[in-house]
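Participant: sequence and predicted structure, then a few things I'm wondering about:
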Amino acid sequence: MKFVLIFGPQAVGKMTVGQELARITDLKLFHNHMTLELLSPIFDFGPETWRLSTLFRFEIFKAVANSDLEGMIFTYVWAFNEKDDWEFVDNLCEIFEEKGGEVYFVELEADLDERLDRNKTPNRLAHKPSKRDIEWSENELKSSMNQYRLNSVDGEITRENYIKINNTKKSPEDVAKTIKETFGL
């Protein structure tokens with residue numbers, strides 16, 4: 001079992017890279033908005049959306065870890081200055097590692113101007129209806145930069161299977177190929 005965690009700030013390209021990585025491997029993609037888009041029409045982005053999303057995600061992770069699937073790709077916006085996010089990632093990895101799975105960390109970073117452009121791409125808007133209000137989405141993207149640290153600092157992630165990629169000028173296909181080759185997926 002292989003578990004690939006792709007993380008980075010909003011609109012950095014996590015889902016799109018994950019889609020391409022799923023296409024060139026036998027791994028299944030579970031992007032973070034799959035649960036959020038299910039719940040937000042009912043509860044907006046209030047506490048119930050986040051509580052239920054976490055509950056659903058962990059049940060899905062456990063089911064995958066106990067399955068005969070090759071593995072899973074999950075995308076996540078990790079706030080490095082939030083203890084709860086560190087605990088979420090630790091608990092998530094434990095699910096797969098307890099079953100003998102291998103965990104791979106892929107961190108993406110890109111310039112703000114590129115992320116603002118990517119925030120409006122047809123692929124993103126097709127899979128993330130909540131992002132279709134571009135003005136709201138851009139404001140949320142920018143304001144989160146003042147509240148959260150969404151990329152790691154050098155040496156902060158000490159896992160052996162870790163790669164950090166600045167994908168400002170790289171295609172999703174190139175990034176996915178790099179991930180596949182780096183980790184032998």
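Facilitator: All right, it came through fine. Residues are numbered from 1 along each chain as shown.

Participant: roughly how far does residue 156 sit from residue 90?
Facilitator: For residue 156, the distance to residue 90 (C-beta to C-beta, to the nearest Å) stands at 14 Å. C-beta here means a position set from N, CA and C on the backbone, and glycine is covered the same way.

Participant: please enumerate the strands of the protein.
Facilitator: 2-7, 28-30, 71-76, 102-109, 162-166 (DSSP state E).

Participant: could you dump the ones you listed to a markdown table with mean pLDDT and mean neighbour count?
Facilitator: Listed next are the strands of the chain as a markdown table, based on pLDDT from 0 to 100; neighbours: other C-beta atoms under 10 Å:
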| stretch | mean pLDDT | mean neighbour count |
| --- | --- | --- |
| strand 2-7 | 98 | 24 |
| strand 28-30 | 97 | 17 |
| strand 71-76 | 98 | 23 |
| strand 102-109 | 98 | 21 |
| strand 162-166 | 98 | 16 |
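
Participant: closest to residue 142 out of those strands?
Facilitator: Judged by C-beta to C-beta, the one of the strands of the chain that comes nearest to residue 142 is strand 102-109, at 16.0 Å.

Participant: which residues touch the closest one?
Facilitator: 1-9, 12-14, 17, 93, 96-97, 151-152, 157, 159, 161-168, 175, 179, 183, 185 (C-beta atoms under 8 Å, 6 or more residues apart in numbering).
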